[in-house]
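*Asks:* Pasting the sequence and the predicted coordinates here, then a few questions.
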Protein chains: 2
Amino acid sequence: MATLGSASKKHKVAIIGSGNWGTTIAKVVAENTNANPDLFEQEVQMWVFEEQVTVDDKQQKLTEVINSKHENVKYLPNIPIPSNIVANPDLVAAAKDATILIFNLPHQFIARTCATLEGHIVPFARGISCIKGVEVTENQCHLFSESIGQKLGIYCGALSGANIATEVAQEKWSETTVAYDPPDMDSKHPTPVGSRRGSEADVSGLSKDTKLQALPAEYPPLNHANMKKLFHRPYFHVRMVHDVAGVSLGGALKNIVALAAGWVDGLGWGDNAKAAVMRVGIMEEVKFGRTFFSNSVRTETFTEESCGVADLITSCSGGRNFRCAKMSVKEGKSIGEIEERELNGQKLQGTSTAYEVNAFLKKEGQEQEFPLFTAVYNVLAGNKKPEDIPDLIEDKISDA
Amino acid sequence: MATLGSASKKHKVAIIGSGNWGTTIAKVVAENTNANPDLFEQEVQMWVFEEQVTVDDKQQKLTEVINSKHENVKYLPNIPIPSNIVANPDLVAAAKDATILIFNLPHQFIARTCATLEGHIVPFARGISCIKGVEVTENQCHLFSESIGQKLGIYCGALSGANIATEVAQEKWSETTVAYDPPDMDSKHPTPVGSRRGSEADVSGLSKDTKLQALPAEYPPLNHANMKKLFHRPYFHVRMVHDVAGVSLGGALKNIVALAAGWVDGLGWGDNAKAAVMRVGIMEEVKFGRTFFSNSVRTETFTEESCGVADLITSCSGGRNFRCAKMSVKEGKSIGEIEERELNGQKLQGTSTAYEVNAFLKKEGQEQEFPLFTAVYNVLAGNKKPEDIPDLIEDKISDA
């Protein structure tokens, strides 16, 4: 088989993170290392931030419970996970010898975790970030996969889609998108000219001086076909793409759109108005990506993939940003009041992303180029009303 | 102004049809002929199939009621329409001298109506069809705009979007798509090389021998900017495209997808599964267009326009195909039973389109290339169950 070649070694997989989504992805991946013993070592190490849990009236270590019960009783209760998942409280030990590192932890822990791992990982390892969102400050817009790649000196791709951890864990069917596009994907099967997307530096997150280590020839190639085998399940359909930035942006920017969709729905304007907001939102996501991440971003990532259009549809159906925005209009309350009442101290992703993106757009002098994102910010800031949205995003006749 | 040039004449507009949607479009257009007196004659003729209505306890002619009350009391009650709409029971008289003919009537009346009009219209008139759907038989797939164009020997474009007539009439905001791409759009401003989409014969519906008459130079050009001025309102945002087939197909094929979305939702699989079905559906719409309508069909028409993704989102939110399919799964009844109970003798568009499209795909030997459309047919035909859909549409690992 072409995918195996003369491989004498197998890939070892470690999952960095063990929350709701981390444990779910560990389950998916461990099922696949079992199903593909020619490519992957069966054992999947999962790094667990150790804590005490009460099980059977006894205080126990979470890792020990996971390894004996094969269930993450704290973060993914009532879901049996494969016994080839090994929970490990020692981050460096969990990642040892892993050629594939899957990052799935809250983004605020990325820096600390990478600092601990630095110098202790396989130098030719490849990463996949399952962390949703991007880091937007006034001065830059940064992908989490980039941060990880830069800090560890490895290539890091991204996984994002219309997924809810618990539903995937319950094997309710959904789709996802995996973006993977290392500079030299497969030394034995070099990427054909023209199939690479954009320039290297854009997506790998590596500075030009960092030299990415090639995967030794003893390993099966880490091409799209083999990466798909690591994540695809009958209940979790994977599509592989090259566009890491696009995959990451969709999961962040959709939350801004969901606020606008919620307002319009709350106004009682009907499904067509809501669909119009969503359509405009997808197009602004595309424009944001292409403006600030250059040619590496593909329109299709947003318009044709699970991480784009499907994730947006889900967020604008019943997601919390949508629901809170809708309530705020219906009840005539500020979104802050609704947030406080409904979210039990948590904050809406959409509002902070809308403010961050607006600060960035202002700095870049691009507010007018993104009328929907700007309208959402202005409604949040009290400068405009939800009723103004159609006028604010209208492509006026004079432009035709 | 470039759009006016040396025009000494104005365009005269006639609306052929006066149902719910026809009267709504007449309202939109008449507001715009008022707003653009440099381009259009203000009066808009609307052909009305004459009938008696009871108003103020008296039997009256519908046309007379419309012209005195400025309201279509039968098909668009309680919506004032502009007084420059003139209801006319005489089809030939209504269309006389019109340089723009807007067709908005049930598709089964196209043939008869065109037969009456033939030879009585301005030979260089341009048409726009607002009739949703396409005509699919085992042997061919035909656009309504093509039928109209062929029968009358004129060019006919299409309007379709995520629109509900009553909501547009109430000026609830929505978007729509107008496809317009005549061979020589504007004799004074010839279409630049490269901007035309695909080959002539595909979209105009005219056979090669039919010679389309050019618009005389005394008229303002009928380019995208001026066509947009005829339809765009602050509450009805228009985007102009070239792809007539794509615009027409979206409005037809979405109903097949809505059935699948309804089944999946009825199974309780959650919003992500539903979004996945919708995503796959959009991609099959694209493929259908590109396979059977050649290069004139653009992916973007489905993935980026109101007639595509937005109309699909709306249909999969609360449309009748979606609702009936969902009920059929939840109640364990056939979709026929639900249809009978819920639709008061009317039939679901999605089921007949699914059967017609399947017969066509079978004939073309292409069933396997459209796994979702084929799955919907097989569920309807009792060969498969809704639960089988993920497996039926899976892009198996071996294909990767």
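*Replies:* On my side now, so go ahead. Note that the coordinates shown come from a computational prediction; the quantities given were computed from them, not determined experimentally.
*Asks:* tell me the mean pLDDT for stretch A:160-175?
*Replies:* What stretch A:160-175 shows for mean pLDDT is 96.
*Asks:* Send me it as CSV with only the CA atoms.
*Replies:* Presented in CSV, the C-alpha positions along stretch A:160-175 are these (Å, rounded to 0.1, in the frame of the first residue of the first chain):
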residue,chain,number,x,y,z
SER,A,160,-12.5,22.6,14.0
GLY,A,161,-16.1,21.9,13.0
ALA,A,162,-19.7,22.0,13.9
ASN,A,163,-19.1,19.8,16.9
ILE,A,164,-20.4,19.6,20.5
ALA,A,165,-18.1,17.5,22.6
THR,A,166,-20.8,15.6,24.4
GLU,A,167,-22.6,14.8,21.1
VAL,A,168,-19.5,13.5,19.5
ALA,A,169,-18.7,11.5,22.6
GLN,A,170,-22.2,9.9,22.4
GLU,A,171,-21.4,9.1,18.8
LYS,A,172,-24.2,11.4,17.4
TRP,A,173,-23.1,12.0,13.8
SER,A,174,-21.4,15.2,12.8
GLU,A,175,-18.6,16.4,10.5
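*Asks:* quick check, it touching chain B?
*Replies:* Yes - with Cβ under 8 Å from any Cβ of the partner chain as the criterion, chain B is reached by stretch A:160-175 at A:161-164, A:167, A:172-175. Quick note: C-beta positions are derived from backbone N, CA and C, even for glycine.
*Asks:* So which of those residues sit within strands?
*Replies:* A:174-175 (DSSP state E).
*Asks:* Adding neighbour count, write the residues of stretch A:160-175 next to chain B out as CSV.
*Replies:* Shown next, in CSV, are the residues of stretch A:160-175 next to chain B (neighbours: other Cβ atoms under 10 Å in any protein chain shown):
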residue, neighbour count
A:Gly161, 30
A:Ala162, 33
A:Asn163, 29
A:Ile164, 18
A:Glu167, 20
A:Lys172, 20
A:Trp173, 25
A:Ser174, 26
A:Glu175, 27
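*Asks:* pLDDT weak spots in the stretch 1-150 of chain A?
*Replies:* A:1-6 (pLDDT under 70).
*Asks:* quick one: which helix or strand includes the nearest residue to A:His224 once chain neighbours are set aside?
*Replies:* Excluding the flanking residues, the one nearest A:His224 by Cβ to Cβ, 6 or more residues apart in numbering or on different chains is A:Met240, at 4.1 Å. Using DSSP states H and E, A:Met240 maps to strand A:236-241.
*Asks:* Quick one: name whatever helix or strand follows that strand.
*Replies:* helix A:244-266.
*Asks:* Residues of the stretch 301-400 of chain A that sit close to chain B?
*Replies:* Residues of the stretch 301-400 of chain A lying near chain B (Cβ under 8 Å from any Cβ): A:303-306, A:309-311, A:313-314, A:317-318, A:390-391, A:394-395, A:397, A:400.
*Asks:* Now with 6 Å, please.
*Replies:* Applying Cβ under 6 Å from any Cβ of the partner chain, one finds that the stretch 301-400 of chain A approaches chain B through A:303-304, A:309-310, A:313-314, A:317-318, A:390, A:397, A:400.
*Asks:* now swap in the stretch 101-250 of chain A and tell me
*Replies:* Counting by Cβ under 6 Å from any Cβ, the stretch 101-250 of chain A sits next to chain B at A:162-163, A:167, A:172-175, A:225, A:228-229, A:232.
*Asks:* check contacts around A:Thr303.
*Replies:* Applying Cβ atoms under 6 Å, 6 or more residues apart in numbering or on different chains, we find A:Thr303 in contact with A:309, B:303-304.
*Asks:* how far away is the nearest residue to it once chain neighbours are set aside from B:Phe144?
*Replies:* What sits nearest to A:Thr303 in space, not counting adjacent residues and going by Cβ to Cβ, 6+ apart, is B:Thr303, at 3.7 Å. Distance of B:Thr303 to B:Phe144, computed by Cβ to Cβ, to the nearest Å: 23 Å.
*Asks:* same question, A:Glu369
*Replies:* Going from A:Glu369 to B:Phe144 by Cβ to Cβ gives 37 Å.
*Asks:* In helices, which of the contacts of A:Thr303 fall?
*Replies:* Among the contacts of A:Thr303, the subset assigned to helices under DSSP state H consists of B:303-304.
*Asks:* What about the closest residue to A:Thr351 other than its chain neighbours, how many residues nearby?
*Replies:* The spatially closest residue to A:Thr351, leaving aside those adjacent along the chain, is A:Leu380, at 5.9 Å (Cβ to Cβ, 6+ apart). Neighbourhood size, A:Leu380 [other Cβ atoms under 10 Å in any protein chain shown]: 22.
*Asks:* Could you do A:Phe292 as well?
*Replies:* 18.
*Asks:* For the closest residue to it other than its chain neighbours, give me phi and psi.
*Replies:* Among residues not flanking A:Phe292 along the chain, A:Cys141 sits closest, at 5.4 Å (Cβ to Cβ, 6+ apart). Backbone dihedrals for A:Cys141, given as degrees, to the nearest 10, come out at phi -130, psi 120.
*Asks:* and A:Cys141, what are its bridge partners?
*Replies:* Beta-bridge pairing for A:Cys141 (DSSP bridges): A:Val136.
*Asks:* And for it, the neighbour number?
*Replies:* Neighbours of A:Cys141 (other Cβ under 10 Å): 21.
*Asks:* A:Ile15 versus A:Ala359, what's the distance?
*Replies:* 34 Å.
*Asks:* Let me fix that, I meant to ask about A:Leu222.
*Replies:* 17 Å.
*Asks:* These two - which one has more neighbours?
*Replies:* A:Ile15 (32 against 23).
*Asks:* Given whichever strand or helix holds the more buried one, what are its sheet partners and their directions?
*Replies:* A:Ile15 is located in strand A:11-16, with elements delineated by DSSP H and E. Sheet pairing of strand A:11-16 (DSSP bridges) gives strand A:40-47 (parallel), strand A:100-103 (parallel).
*Asks:* Kindly reformat these as JSON lines and extend each row with mean neighbour count.
*Replies:* Below are these laid out as JSON lines (neighbours: other Cβ under 10 Å):
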{"stretch": "strand A:40-47", "mean neighbour count": "23"}
{"stretch": "strand A:100-103", "mean neighbour count": "26"}
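*Asks:* Select, out of the ones you listed, the one closest to A:Ile79.
*Replies:* Of all those, strand A:40-47 sits nearest to A:Ile79, with 13.8 Å by Cβ to Cβ.
*Asks:* ok, then the element right after that closest one?
*Replies:* Using DSSP H and E, the helix or strand that follows strand A:40-47 towards the C-terminus is strand A:52-55.
*Asks:* Return the set of buried residues in that next one.
*Replies:* Using 16 or more other Cβ atoms under 10 Å in any protein chain shown as the burial criterion, the residues of strand A:52-55 that qualify are A:53, A:55.
*Asks:* repeat for stretch A:310-329
*Replies:* For stretch A:310-329, a neighbour-count test (16+ other Cβ under 10 Å) marks A:310-317, A:319-329 as buried.
*Asks:* so where do the helices sit in the stretch 301-400 of chain A?
*Replies:* Along the stretch 301-400 of chain A, counting by DSSP state H, counting those that start in this stretch, helices occupy A:311-315, A:320-331, A:335-342, A:349-364, A:371-380, A:389-393.
*Asks:* Tell me which of the ones you listed is the most buried.
*Replies:* Highest mean neighbour count among the helices of the stretch 301-400 of chain A (mean count of other Cβ atoms under 10 Å in any protein chain shown): helix A:311-315, with a mean of 28.
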